[in-house]
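> Sequence and predicted structure below; questions after.
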Amino acid sequence: MAETISILGFAGSLRKGSYNKALLRAAAELAPEGSEVQVFDLEGIPPFSEDLEGKPAARVKDFKAAIEAADAVLIVTPEYNYSMPGVLKNAIDWASRPYGDNSFAGKPVAIMGASVGTLGTARAQYHLRQCCVFLNMHVLNQPEVMVASAQDKIDPAGRVTDEETRKRIAQLLVALVAWTEQLR
């Protein structure tokens with residue numbers, strides 16, 4: 001019997017009604033057979049400080065442990081000011097520090113995001129990809145999931161209702177599982 005592929009997903013948004021958290025919930029529902037998406041909420045991760053990296057908060061320790069235990073990572077990012085939000089960058093900084101203790105090293109990763117704009121987080125995703133290169137992550141190149149006009153594809157209850165968006169999320173997860181198996 002094949003081993004279940006464990007995917008750790010987290011969204012770079014703290015907002016309760018976040019479109020990106022909705023994408024993450026959809027991913028958990030749409031995980032292909034033989035895989036599971038476990039969601040980690042970035043709420044409670046303190047601002048990064050090198051003064052504290054030797055004694056990280058419990059929430060940071062939990063985040064690093066969850067990344068290390070996962071077979072793959074799914075990052076869902078909003079776009080703020082042409083880039084990823086500070087919440088996401090802060091969490092990435094904590095998880096990759098101190099030097100020599102990068103929890104992301106060698107992990108397969110897929111990226112997706114949603115926005116009310118017409119580019120669907122394209123700039124944020126490309127910036128995040130640059131960070132992943134430095135962190136020695138294996139970024140899945142395709143398919144890309146950039147959900148534009150998210151307000152028309154996600155209902156007020158936070159459910160992704162657009163079938164094409166759900167299909168693309170499912171395709172991304174299938175590709176991430178295959179990528180993870182290939183890299184083993």
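Cool, got the structure.
> can you tell me which helix or strand the residue minimising distance to the centre of the chain belongs to?
Nearest to the geometric centre of the chain sits residue 75, at 1.1 Å (CA atoms, centre = their mean). Secondary structure assigned from DSSP states H and E places residue 75 in strand 72-76.
> can you give me the strands for the chain?
5-11, 35-39, 72-76, 108-114, 138-139, 145-147 (DSSP state E).
> and the longest helix for the protein?
For the chain, the helix that runs over the most residues, judged by DSSP state H, is helix 163-183.
> Restrict it to CA atoms and write it as CSV.
Backbone C-alpha positions of helix 163-183 (Å, rounded to 0.1, in the frame of the first residue of the first chain) are rendered in CSV as follows:
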residue,chain,number,x,y,z
GLU,A,163,-16.0,25.2,-11.0
GLU,A,164,-13.1,26.2,-13.2
THR,A,165,-11.2,27.5,-10.2
ARG,A,166,-11.9,24.3,-8.3
LYS,A,167,-10.7,22.3,-11.3
ARG,A,168,-7.4,24.2,-11.4
ILE,A,169,-6.9,23.8,-7.7
ALA,A,170,-7.4,20.0,-8.1
GLN,A,171,-5.0,19.9,-11.0
LEU,A,172,-2.4,21.8,-9.0
LEU,A,173,-2.7,19.2,-6.2
VAL,A,174,-2.4,16.3,-8.6
ALA,A,175,0.7,17.8,-10.0
LEU,A,176,2.2,18.5,-6.6
VAL,A,177,1.7,14.9,-5.5
ALA,A,178,3.3,13.7,-8.7
TRP,A,179,6.2,16.2,-8.2
THR,A,180,6.6,15.0,-4.6
GLU,A,181,6.8,11.4,-5.7
GLN,A,182,9.2,12.2,-8.4
LEU,A,183,11.6,14.0,-6.0
